[in-house]
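J.: what would the 3D arrangement of this be:
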Amino acid sequence: NEDPTDLLVSASVFDENILGGSAVASLSTSDPDAGDTHTYSLISGSGYSGSGYADSNAFIIDGNQLKIKESPNFESKTSYSIRLQTKDSGGQTLEKDVTFYVTDINEDPTDLLVPASVFDENIAGGSAVATLSTSDQDSGNTHTYALVSGAGDADNSAFIIDGNQLKIVESPDFETKPTY
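T.: Numbering: from 1, shown residues only. Predicted coordinates:
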């Protein structure tokens with residue numbers, strides 16, 4: 001019985017936000033012994049011969065499927081270093097360090113900020129009453145704003161959006177309309 005010659009991993013990249021328990025790669029083995037069967041395991045620890053594999057505890061192996069335990073978040077962790085072992089039916093083993101990379105997916109903004117909710121009456125039509133901004137975990141994203149139809153849209157026609165500025169169309173009069 002000869003040693004396995006390679007441990008093959010079908011993929012080294014996966015998307016962030018996949019469900020915990022999702023398969024991220026299939027494992028297979030190159031072995032000169034035809035018909036040999038193989039089992040796979042994760043080696044945990046802080047590293048081997050200078051290579052780190054401290055992330056092995058973030059995965060499980062189910063048959064020949066490598067599965068991530070918890071949903072990955074690119075903004076928290078961009079890569080995982082693990083060490084895998086393949087063992088053939090005769091007990092011969094091979095270990096291999098593997099690094100997986102997490103792909104950043106554009107995520108929904110987390111909040112729309114409207115810092116001002118009060119403005120004076122008799123300001124000129126076309127005046128900005130609020131500067132809009134967005135909280136978004138994807139740094140560097142730009143945002144556009146629009147007034148939309150639906151619940152709470154009764155006064156949309158009283159406003160326009162110019163860039164990130166919410167502007168009132170006509171000069172407001174408190175005695176006629178105190179809220180929008």
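J.: is Asn57 part of a helix or strand, or is it coil?
T.: When classified by DSSP: H, G, I helix; E, B strand; the rest coil, Asn57 comes out as helix.
J.: nearest residue to it in space, ignoring adjacent ones along the chain?
T.: What sits nearest to Asn57 in space, not counting adjacent residues and going by C-beta to C-beta, 6 or more residues apart in numbering, is Ser44, at 5.6 Å. For glycine as for every other residue, the C-beta is placed from the backbone atoms N, C-alpha and C.
J.: shouldn't the one you found be in contact with Asp55?
T.: No - if you go by C-beta atoms under 8 Å, Ser44 and Asp55 don't touch, sitting 9.1 Å apart.
J.: which of the two has more residues huddled nearby?
T.: Using other C-beta atoms under 10 Å as the criterion, Ser44 and Asp55 rank with Asp55 on top: 19 against 13.
J.: spatially nearest residue to the more buried one (excluding sequence neighbours)?
T.: Using C-beta to C-beta, 6+ apart, the closest residue to Asp55 is Tyr80 (4.0 Å).
J.: phi first, then psi, for the one you found.
T.: Dihedral angles of Tyr80 (phi, psi; degrees, to the nearest 10) stand at phi -130, psi 130.
J.: in contact with the residue lying farthest from the centre of the chain, which residues are there?
T.: Using C-alpha atoms, centre = their mean, the residue of the chain lying farthest from its centre is Glu175. It sits 49.2 Å away. By C-beta atoms under 8 Å, 6 or more residues apart in numbering, the residues touching Glu175 are Glu121.
J.: where does it land on pLDDT?
T.: Note for Glu175: predicted pLDDT of 95.
J.: next one: the nearest residue to Ser79 once chain neighbours are set aside from Ala58, what distance?
T.: Nearest residue to Ser79, sequence neighbours excluded (C-beta to C-beta, 6+ apart): Tyr101, at 5.0 Å. According to C-beta to C-beta, to the nearest Å, Tyr101 stands 14 Å off from Ala58.
J.: okay, those two: which has more neighbours?
T.: Ala58 (17 against 13).
J.: can you give me the strands in the chain?
T.: 6-9, 13-15, 23-30, 38-43, 59-62, 65-68, 79-88, 93-103, 111-113, 128-131, 133-135, 159-162, 165-168 (DSSP state E).
J.: buried ones in the longest one?
T.: Spelled out, that is strand 93-103. By neighbour count on 16 or more other C-beta atoms under 10 Å, the buried set for strand 93-103 is Leu94, Lys96, Asp97, Val98, Phe100, Val102.
J.: which pLDDT value goes with the last one?
T.: Here, the pLDDT recorded for Val102 equals 97.
J.: for the nearest residue to Ala116 once chain neighbours are set aside, what are its contacts?
T.: Excluding the flanking residues, the one nearest Ala116 by C-beta to C-beta, 6+ apart is Ala130, at 4.3 Å. Neighbouring residues of Ala130 by C-beta under 8 Å, 6+ apart: Val114, Pro115, Ala116, Ser117, Phe119, Gln165, Leu166.
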